[in-house]
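[1] Please work out how this folds:
(one chain, ligands or ions: 2)
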Amino acid sequence: MAQSAGVLSTSQVGSFDNKVQCPVCRLEMAAGQINSHLDSCLQEKPVGGVPGKKRRLNPNEKTGGIEVNHPAVNPLGPVGSTFPLFNKSRTPNGPSECASPSSRKQGGSVFCAEALHSQGDDSTCLPQHSLSPDAKKPNNLSEKLDGKPLADKMRPTTLNNYMGQNKVLGENTMLRNLLQANDIPSIILWGPPGCGKTTLAHIIAKNAQKSSSRFVTLSATSASTSDVREFIKQAQNEQRLFKRKTILFVDEIHRFNKMQQDTFLPHVECGTITLIGATTENPSFQVNTALLSRCRVIVLEKLSVEAMETILMRAVDSLGLKVLKDGEQLVGSSSDVSETSVYVEEKALTTLAHLCDGDARTGLNGLQLSVQASLAAEKDPIKQGIVIKEEHIKEGLQRSHILYDRAGEEHYNCISALHKSMRGSDKNASLYWLGRMLEGGEDPLYVARRLVRFASEDIGLADPQALTQAVSTYQACHFIGMPECDVILAQCVMYMACAPKSVTVYSAYNKVKNCLKNHKGPLPPVPLHLRNAPTKLMKGLGYGKGYKYNPNFSEPVEQDYMPEEMKGVTFV
Ligand SMILES: Nc1ncnc2c1ncn2[C@@H]1O[C@H](COP(=O)(O)OP(=O)(O)OP(=O)(O)O)[C@@H](O)[C@H]1O
Ligand SMILES: [Zn+2]
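    Numbering: from 1, shown residues only. Ligands and ions are numbered 1, 2, ... in the order given. Okay, the predicted model is just below:
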């Protein structure tokens, strides 16, 4: 029997004395009322129950930490919809004023109708339409560059335009097979910034949309535990009322505290929620083990230079830029130069692909900035074509994007490289790694703390002064901060690299720790003669008895300091 979108069968509604929540306005009501409520609720949703007052549709409307990607403003269209039912009634099927028959234009942004993307390739659609809020003026470059960052506009919506990551997404890989079978397990995407974690999550979600799953984004940085509970309640309702699964995308999942992660657990387990987490941090340290064991970890890699070149070329095409091959000159071939042409040197693109270190966001936004800067600098663009050169690209890449991820793996990799270079007494390498961290925005105190540790661990008694140097460095950095403290750290790093090294203390103390760890049975008591005897009772018990106070003896004193059973054990 045909059923209208808003009507639920009795079996979906469940028992009449059950309380359910309306998936549209989230009002709680008796299950028996939901059908009639939905009919009116879907017509028009009043704000706070005031009839007649329309609810505004905000772009990327936020409810606490829960981001409801609204199809009216999301280029992904219905994929991002939290309440597809509601949206269905609001967005009539069929084309509207966009140039492409399968695209719709709403709320100032144009996006492709589901139908086109789900056929496969989105390349026909994305470059033409999604670059500009006004698709009618595709030739106006600066308009194309307005609004959202280029990287966002270029976000692929199908696997066809998703570059690289062949190890996990190539033919016959587990993930691709699961994607094709539309059988998505809970996964954690682990990879460096801008390698396509969020993009992949969206592609997966879009795929799942075909089986009418719901896709919700939750930001681990802003969602509170009550947001999480609220979200789970909704997911349960969706499951109960519409038999609809919820795919939850949690960016930066490592930022969720253990309690928040725990809240998800049972719901991931029972299948109410399919979790897609993204993290730049090693999940084995940062994600709750119980949650980790219920998710597959997919490791994404930095994008290769070739993949980056393809991504950049796609952006160049969509912006309508022309590529100036190596050796080609603009001047002299004036017949080719049309009035408003903007050219980009092939060499400049290659440089960009190398410089962005596998981070597509940095690459695309670097391209955007350099194009914008060149346009702004050109006084008389009508006369001649504009050429974007390698140096423009280099300027476009901000210094802070020196390929250093302060919070992630890079942070640990670099500090480890610094430590090892100093240990190897390589001044140059030590300074280099220091520079990589500081110029990348590392906290100077983090480096200084490591120097303090190094002074003792690797230099130790070979030059006890090193510890003083390191502590002074820490304090100096604390007083003056960056950028002035950079040279202080450099001085100390040089000192450490050049200092003589000794690990005698470090390894002796390790032996002590091991000895204690491996001790079987109760630890031996402290010998009575070494105990202090502040009270009569203790004295009576023999505390301190027979202790030889060394200054009282002119000769070296023979006395045991180790417990009886440890006699003769040495660490140094
Ligand atoms: N594999 C890819 N193929 C094509 N474009 C990509 C790819 N990866 C990233 N991009 C582009 O880079 C942009 C940023 O990527 P995305 O948001 O997926 O990165 P991320 O890995 O989630 O990074 P972060 O950890 O910083 O959030 C996308 O909008 C898209 O334009
Ligand atoms: Zn309602």
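
[2] In this structure, where is pLDDT below threshold?
    The chain contains residues with pLDDT under 70 at 1-18, 23-24, 26, 39, 41-139, 211, 330-340, 378-384, 398-409.

[3] how about a cut-off of 50?
    Scanning the chain for pLDDT under 50 picks out the ranges 1-17, 44-138, 332-338, 399-400.

[4] The residue in the stretch 251-400 of the chain that ligand 1 sits nearest to: how many residues sit nearby?
    Residue of the stretch 251-400 of the chain nearest ligand 1, by Cβ to the nearest ligand atom: A360 (3.3 Å). Where you see a C-beta, it was placed from the backbone N, CA and C, and this is true even at glycine. Residues within reach of A360, counting by other Cβ atoms under 10 Å, total 27.

[5] residues touching the residue nearest to it when sequence neighbours are not counted, list them.
    Once flanking residues are discounted, A360 sits nearest to G194: 4.9 Å by Cβ to Cβ, 6 or more residues apart in numbering. For G194, the contact set (Cβ atoms under 8 Å, 6 or more residues apart in numbering) comprises A151, L303, C356, G358, D359, A360, R361, T362, G363.

[6] ok so, going back, spit out the contact partners of the residue of the stretch 251-400 of the chain closest to ligand 1.
    A151, M163, G194, C195, G196, L303, M308, I311.

[7] Count residues in the vicinity of the residue in the stretch 51-200 of the chain positioned nearest to ligand 1, would you?
    Residue of the stretch 51-200 of the chain nearest ligand 1, by Cβ to the nearest ligand atom: G196 (2.7 Å). The local packing of G196 (other Cβ under 10 Å) involves 26 other residues.

[8] Now do the helices in the stretch 201-350 of the chain.
    Secondary structure of the stretch 201-350 of the chain (DSSP state H, counting those that start in this stretch): helices at 225-242, 258-270, 283-286, 289-292, 305-319, 346-355.

[9] now for those, which one comes closest to ligand 2?
    Among the helices of the stretch 201-350 of the chain, the nearest to ligand 2 by Cβ to the ion is helix 225-242 (11.4 Å).

[10] And that closest one, what's buried?
    227-228, 230-232, 234-241 (16 or more other Cβ atoms under 10 Å).

[11] Now distance to N207 too, for the residues you listed, in a markdown table please.
    Below are the buried residues of helix 225-242 laid out as a markdown table (distance: Cβ to Cβ, whole Å):
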| residue | distance to N207 |
| --- | --- |
| D227 | 26 |
| V228 | 25 |
| E230 | 26 |
| F231 | 22 |
| I232 | 23 |
| Q234 | 22 |
| A235 | 19 |
| Q236 | 23 |
| N237 | 24 |
| E238 | 18 |
| Q239 | 20 |
| R240 | 24 |
| L241 | 23 |
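
[12] so which of these also contact ligand 2?
    Subset of those in contact with ligand 2: empty, counting by Cβ under 5 Å from the ion.

[13] out of those residues, which one sits closest to Y561?
    Y561 lies nearest to V228 out of those, by Cβ to Cβ, at 56.4 Å.

[14] coming back round to it: go ahead and build a ChimeraX selection from the buried members of the contacts of A360.
    Selection of buried members from the contacts of A360 for ChimeraX, criterion 16+ other Cβ under 10 Å:
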select :151,163,194,195,196,303,308,311
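
[15] circling back: pick the one among the contacts of G194 closest to A508.
    G358 (43.5 Å).

[16] Identify the residues contacting that closest one.
    P192, G194, C195, E301, K302, L303, S304, M308.

[17] For the stretch 351-500 of the chain, what lies in contact range of ligand 1?
    Applying Cβ under 6 Å from any ligand atom, we find that the stretch 351-500 of the chain lies next to ligand 1 at A360, R361, L364.

[18] hmm, I was thinking of the chain
    Within the chain, the positions adjacent to ligand 1 are 151-152, 154-156, 162-165, 191, 193-199, 278, 280, 303, 311, 360-361, 364 by Cβ under 6 Å from any ligand atom.

[19] Okay, and which of the residues you listed map to strands?
    A278 (DSSP state E).

[20] CA-only coordinates of stretch 288-295, as CSV, when you get a sec.
    What follows is stretch 288-295, C-alpha atoms only, in CSV (Å, rounded to 0.1, in the frame of the first residue of the first chain):
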residue,chain,number,x,y,z
ASN,A,288,39.0,4.8,23.4
THR,A,289,40.0,1.1,22.9
ALA,A,290,36.5,-0.2,23.2
LEU,A,291,35.3,2.2,20.4
LEU,A,292,38.4,1.4,18.4
SER,A,293,37.7,-2.3,18.5
ARG,A,294,34.2,-1.7,16.9
CYS,A,295,35.6,0.4,14.1
